[in-house]
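Engineer: need the 3D shape of this:
(one chain, ligands or ions: 1)
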Amino acid sequence: MNEFDIGPSTISRVEVDEEPPGSFSQSHAYRGRLRVQQCLWPLTLPELPRREISTPAIVARPSRGSPRCRAFRKAFYRDVTDKQWNDWRWHARNRIRTREQLEKMLELSSEEREGLERAGEILPVATTPYYMSLISQNDPQQPLRRTIIPTASEFMQARGESADPLGEDHDSATPGMVHRYPDRVLLLALDSCSSYCRYCTRSRVVGQGDIVPNEARLKQAFEYLRNHKEVRDVLVSGGDPLLMGDDKLDWILTNLRSIPHLEFIRIGTKMPAVLPQRITRELCRMLRKHHPLWMSLHFAHPDECTQESYQACERLADAGIPLGSQTVLLRGINDTLPTMKSLMHHMLKMRVRPYYLYQCDPITGSAHFRTPVSKGLEIIEGLRGHTTGYAVPTFVIDAPGGGGKIPLLPNYVVGRDGEDLLLRNFEGNTYRYSDPEGV
Ligand code: SF4
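Structural biologist: Next up is the predicted model:
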């Protein structure tokens, strides 16, 4: 490994943050706005029914962690100190990656056992101890559990599925950089994540170790960008860029910022959901040097919106970083209106603007995650007009073959009557809009 490879030695160079998310002492956003997270962990507390929540109740902030997290730590990490638990590097080093580890923590179903037998053929298995504390021990259908534990269904190929449905490999400009649209590029900083989502669009590359943040590859990307003055926007993604240490990320952002025609940098990450301890004050101090910097945060379900996640988003927002959410519509995970509405309400309270709701891409082995497109439209129709407009994301299909994002809306235009356009509102009532020039 060189100095730009991700690994324990790199992770350990980052200073411990004095008050990481999860120390439970500073979260103003969480205070008084979120109910205590239900504890699904059954070792010392009873298993609660799966949630179908429309709006979270308001209770006082707990003083130190949720009962669920405390029960989990007591069961499996009894000797781990608060300082270690609140240190993102400790979580990164101690990711849960093997069937043997999972067997100690979960009652695995036969479907999951089979999936774990073959895990790694497509996408590795890994998650952080923190995220594992949110997973039900004995319910294989729990939404968060389904997002990280592979099942046999992952190895069945359905019609229309492929390893690279978006045709990203075809648009590769330099190793790990996709240049599809004239004015913006996608820079894959690395291919590792702290936690691997079973529905990942980039499962063909993620976790394979082929894309590492080494200096030579990234300098090639910077050189390409310097020579392409039409590019004004760079999305730094992966993998998860925040799995890199602060120094490395700072180096990448500094290099990008040195290119005069780059106006806008975005970072895509799932860290606030799977490892919120990563959002340290040090990180935020570094990021704010590189404005205008925006972030797209990947959230899948309201159960990810813990007090730690609230605090992480609060820190990013306080650093002046506009935050948008990206959510993949997933069968049996977030494909009901109450669940999606609850998630979007959490986003607003976390100061994250709901941005995209994606129809699940047809990657190989994704049929068990994909819903009919009509389900997404039904959810958007249930949100628009029925809750705050800011809580309504744009529902899109990323067109297979590289056609880009195509927005989908329920049909609110009923027809025409002469010079009048006939429109349907959110309650199903029809209204006329005089539109003589549209005839
Ligand atoms: S965090 Fe993103 S890149 Fe990583 S596995 Fe999940 S969806 Fe894929």
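
Engineer: helix or strand for Thr327, which one?
Structural biologist: strand 323-329 (DSSP states H and E).

Engineer: which neighbouring elements make contact with the very next helix or strand once past that strand?
Structural biologist: Toward the C-terminus, strand 323-329 is succeeded by helix 337-349 as the next helix or strand (DSSP H and E). If you count contacts as 3 or more C-beta pairs under 8 Å, 6 or more residues apart in numbering; DSSP states H and E, helix 337-349 packs onto strand 323-329, strand 353-359, helix 373-383. In this view, the C-beta of every residue, glycine as well, is placed from N, C-alpha and C.

Engineer: of all these, which one is nearest the ligand?
Structural biologist: Nearest to the ligand, of all the helices and strands packed on helix 337-349, is strand 323-329, at 7.7 Å by C-beta to the nearest ligand atom.

Engineer: what's the angle from the closest one to helix 373-383?
Structural biologist: With axes from the mean of the first three to the mean of the last three C-alpha atoms, to 10 degrees defining the directions, strand 323-329 sits at 140 degrees from helix 373-383.

Engineer: okay, buried residues for strand 323-329 please.
Structural biologist: Going by neighbour count (16 or more other C-beta atoms under 10 Å), the buried part of strand 323-329 is 323-329.

Engineer: same question, stretch 158-166
Structural biologist: Buried-residue list, stretch 158-166, by 16+ other C-beta under 10 Å: 161, 164-166.

Engineer: can you add distance to Met350, pLDDT and secondary structure and give these back as JSON lines?
Structural biologist: Shown next, in JSON lines, are those (distance: C-beta to C-beta, whole Å; pLDDT from 0 to 100; DSSP: H, G, I helix; E, B strand; the rest coil):
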{"residue": "Glu161", "distance to Met350": "33", "pLDDT": "91", "secondary structure": "coil"}
{"residue": "Asp164", "distance to Met350": "32", "pLDDT": "86", "secondary structure": "coil"}
{"residue": "Pro165", "distance to Met350": "30", "pLDDT": "85", "secondary structure": "coil"}
{"residue": "Leu166", "distance to Met350": "28", "pLDDT": "83", "secondary structure": "coil"}
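
Engineer: mind listing what's buried along the helix or strand hosting Arg266?
Structural biologist: Assessed by DSSP H and E, Arg266 sits inside strand 264-269. Neighbour-count burial for strand 264-269, counted by 16+ other C-beta under 10 Å, picks out 265-269.

Engineer: any idea which of these is closest to Leu423?
Structural biologist: Taking C-beta to C-beta as the measure, Leu423 lies nearest Arg266 of those, at 34.6 Å.

Engineer: can you pull the pLDDT of the closest one?
Structural biologist: The model reports Arg266 with a pLDDT of 98.

Engineer: pretty sure it is touching Leu293, no?
Structural biologist: Yes - between Arg266 and Leu293 there is a contact at 7.5 Å, judged by C-beta atoms under 8 Å.
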